[in-house]
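Peer 1: any chance you can model this:
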Amino acid sequence: MKNIKFSFFIVLFILISNSLAAKIEIKYKIDDKIITNIDIYNEKKYITFLRPSLSKISDEEIIKLAENSVIREIIKRKELDLIYKNEDNSRILNQIKKRLFNFKNVKNEKEFKALLTNKNIKYEIIIEKMKYEFLWNELIYKKFNSLVKIDKKNLETSLLKKLSSNKKYEYNLSELLFEVDENEKIGEKHSEILGYIKKNNFKAASLKFSISESATKGGEIGWVKETLLSKNISNILNKLKKGEMTKPLKYPNGYLIIRINDKKEMKEVTDMDKELSELISFERNRQLNQFSLLYYKKLKQNTKINEY
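Peer 2: Residues are numbered from 1 along each chain as shown. Prediction:
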């Protein structure tokens, strides 16, 4: 009887093992790291938790986003692990936790862990992901902040001109920044993107084609005051209606398409110093984002990525 039971458990174990093995598929190999469909599934859980707005797009689009997110994270982690190899990261943990607690509207770690448990998400992994995101931003700032060029006088003059106009708007924007290969033409690539947008939507197209960091949010930028935009961009957006988008605009890292999700009149500016400070900060972040994109692009070019 014992032998029969033992044989039964062996057969059961083999069946379960084969079932699990059949479900695990290798999707990518990034240098020497294997990425499976399980990794992609887990990433999907994490990104939808951190960005609830993604729940509005299709499962297929979220999976593609998760794949890109995993690749981006592995490439960045490799670089960050080299640079911050011997550094104590406990200095940033409290900042990360505070941001997460505020973001999810919870009071403490206990409440946050309970929230994660309900969604079958591991607390340690979320904290680790946020840690690497924090370190990447810190690295970009340390490396490139000295290269940022801010002409305060010119920005102030530009701001005064914009404020003197009768109507000023605030735009809710999305973006899609794409590259054109040597063998491609800008018109052909643009047509391909427009076709995809027509078939799906702008958010899905951003997930598929955009090389910008905003692609992880479906291209969403959020509300931006007209006073923070360049004269050229401002003039173009003024001519567009809600739901319309620009033609491809030449950008340092490729071609940029901007979509107006919504627009409203700006409130009257009463604090000029605050407005100027906001403009300077916006311009600094814009330039740092460009450096971040170029730096990541260089790392990716030196990474061996195989898709299965």
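
Peer 1: next, Ile197: secondary structure please.
Peer 2: At Ile197 the chain is in helix, as set by DSSP: H, G, I helix; E, B strand; the rest coil.

Peer 1: once you drop chain neighbours, what's closest to Leu65?
Peer 2: Among residues not flanking Leu65 along the chain, Leu207 sits closest, at 4.9 Å (Cβ to Cβ, 6 or more residues apart in numbering). (C-beta placed from N, C-alpha, C; glycine too.)

Peer 1: how about the contacts made by the one you found?
Peer 2: 57, 61, 64-65, 68, 215, 218-219 (Cβ atoms under 8 Å, 6 or more residues apart in numbering).

Peer 1: quick one: which of those residues is nearest Leu293?
Peer 2: Proximity of those to Leu293 (Cβ to Cβ) peaks at Ala215, which lies at 10.6 Å.

Peer 1: isn't the closest one up against Ser69?
Peer 2: No - the pair Ala215 and Ser69 fails to qualify as a contact (Cβ atoms under 8 Å) at a distance of 9.3 Å.

Peer 1: so between the two, which is more surrounded?
Peer 2: Counted by other Cβ atoms under 10 Å, Ala215 and Ser69 do not tie: Ala215 has more neighbours, with 24 against 19.

Peer 1: excluding sequence neighbours, find me the nearest residue to that one.
Peer 2: Ser206 (5.4 Å).

Peer 1: number of nearby residues for the one you found?
Peer 2: Here the number of neighbours of Ser206 (other Cβ under 10 Å) works out to 29.

Peer 1: could I get the full set of strands for the stretch 101-250 of the chain?
Peer 2: 169-178, 220-225, 249-251 (DSSP state E, counting those that start in this stretch).

Peer 1: mind listing what the last one pairs with, with the direction of each?
Peer 2: Spelled out, that is strand 249-251. Take DSSP bridges as the rule and strand 249-251 pairs in its sheet with strand 254-265 (antiparallel).

Peer 1: buried ones in the partner strand?
Peer 2: 254-261, 263 (16 or more other Cβ atoms under 10 Å).

Peer 1: close enough to count as contact, Ile83 and Leu139?
Peer 2: Yes - assessed by Cβ under 8 Å, Ile83 is found in contact with Leu139 at 6.4 Å.

Peer 1: low-confidence ranges, this structure, go.
Peer 2: Along the chain, segments meeting pLDDT under 70 span 1-22, 56.

Peer 1: what segments of it are helices?
Peer 2: Using DSSP state H, the helices assigned to the chain run over residues 2-23, 37-50, 59-83, 90-103, 109-118, 123-144, 152-164, 186-199, 202-209, 231-238, 272-301.
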